[in-house]
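J.: Turn this into a structure:
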Amino acid sequence: MDQQLSDLLQRKAEVELRETELRRKQSLEQFREWLKKHPYLKRTRQDDNYLSLYLRTKKYNLNEVFKSYEKQFLFRLKCAKWFDLSDDNVVARLRSHIECGSKYIIKDYSSTEPIIYIQRFEKFDAEKYPVTDIFQSDFSLFGACLELEKAQICGFRLITDFTNVPMSVFTSVTISEVLDWARALISCPGRYKQNILINIPSIAMTFYNIVSTMLPEKLRKRLVMVKNYEELKNFMDVSILPKEFGGNCDENVYIEETLRIFDEKLEMIRKSNDYEIDVSQFSGRLHNDDVGSFRKLEID
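T.: Predicted coordinates:
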């Protein structure tokens, strides 16, 4: 767990998530009791911080929490290579995407505002790396951030910058891979407060129009498209952004902080992917999206 929640974060959790210390304690007990009785999930990560992530994402609606917890395993099975960080060479490659500024976060500009997650496709070397690295690094970096209680409570504001994006980013990926990425991302826990797309090209709009059909209405309403950095000022205070976005801050400072968090939380991300389930029973449900069947297991 992070250190003691600040008064401001505690208040935000209480107001937005209906979280109290007593409710959290009781819900964690019920969560573990449900897991103990689950017929397919034999061994999964069950520390307070990890289970609290699911409770907070679903605002302590236990039926939805259990459904969400099951569902993410469906896509951990189907897209296992995107979650696997057991190979140090893969980790080094994913770190390089942060180091070059392809993606990073802005965390400490406010005590209670969402963490800003920036992705700049211009910085991604699609000639050197497989485009699916974009997907794997997303799951890895989101996973690291979601170890932070601030991210669990305040959520994320996503900023995706398509300015000068190499065409190979789109031509080297299949529709099937994009759909798997979208389904897996939706199934993962986390609170996504706003999604800002900058200078999105027509080919990317084609992908988005396909993906948007599976997005919950709530997420579609939180999407903002702007043509340039100047228009971005209409939706947020850009002074906290790097100078490249018209802000006042040094991008390298944010990159270094993101690398620190990624390195610090790496072992916990790996623990999330260390599980034992009855694959013969569970994997068959990948094709019919039959999730949540066991969320109503009797809890004493």
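J.: Let me know how buried Glu230 is, in neighbour terms.
T.: Residue crowding around Glu230 was assessed by other Cβ atoms under 10 Å; the count is 10. C-beta coordinates here come from the backbone N, C-alpha and C atoms, glycine included.
J.: For it, which non-adjacent residue is spatially closest?
T.: Gly246 (7.2 Å; Cβ to Cβ, 6 or more residues apart in numbering).
J.: Also Val91?
T.: Closest to Val91 by Cβ to Cβ, 6+ apart is Leu85, at 5.5 Å.
J.: Return the backbone torsion pair for that neighbour.
T.: Dihedral angles phi and psi of Leu85 (degrees, to the nearest 10) take the values phi -120, psi 30.
J.: Can you read off the pLDDT for it?
T.: pLDDT for Leu85: 94.
J.: contacting residues around Phe170?
T.: 203-204, 207 (Cβ atoms under 8 Å, 6 or more residues apart in numbering).
J.: hmm, try it at 10 Å
T.: By Cβ atoms under 10 Å, 6 or more residues apart in numbering, Phe170 lies in contact with 121, 126, 131, 178, 201, 203-204, 206-207.
J.: what's the neighbour count on Val253?
T.: 12.
J.: what about it, which helix or strand?
T.: helix 251-272 (DSSP states H and E).
J.: in its sheet, what does the following helix or strand past that helix sit against?
T.: The element immediately downstream of helix 251-272 (helix or strand, assigned by DSSP H and E) is strand 276-277. Strand 276-277 has its sheet partners listed here by DSSP bridges as strand 41-43 (antiparallel).
J.: what's downstream of the strand it pairs with, the next helix or strand?
T.: Immediately after strand 41-43, counting by DSSP H and E, sits helix 48-57.
J.: elements contacting the next helix or strand after that next one?
T.: Using DSSP H and E, the next helix or strand after helix 48-57 towards the C-terminus is helix 62-78. Helices and strands touching helix 62-78, by 3 or more Cβ pairs under 10 Å, 6 or more residues apart in numbering; DSSP states H and E, are helix 21-37, strand 41-43, helix 48-57, helix 80-83, helix 175-187, strand 276-277, helix 279-282.
J.: mind redoing it with 7 Å?
T.: Packing partners of helix 62-78 (3 or more Cβ pairs under 7 Å, 6 or more residues apart in numbering; DSSP states H and E): helix 21-37, helix 48-57, helix 175-187, helix 279-282.
J.: which one of the ones you listed is the most hemmed in?
T.: Among the helices and strands packed on helix 62-78, helix 48-57 has the highest mean neighbour count (mean count of other Cβ atoms under 10 Å), at a mean of 21.
J.: Specify the angle between that helix and helix 62-78 in degrees.
T.: 110 degrees (axes from the mean of the first three to the mean of the last three Cα atoms, to 10 degrees).
J.: Against which helices or strands is helix 48-57 packed?
T.: On the basis of 3+ Cβ pairs under 7 Å, 6+ apart, helix 48-57 makes packing contacts with helix 21-37, helix 62-78, helix 149-154.
J.: now what about the shortest one, what contacts it?
T.: If I follow you right, that is helix 149-154. 2, 5, 9, 12-13, 17, 52-53, 56, 112-115, 145-146 (Cβ atoms under 7 Å, 6 or more residues apart in numbering).
J.: Nothing else from me, thank you.
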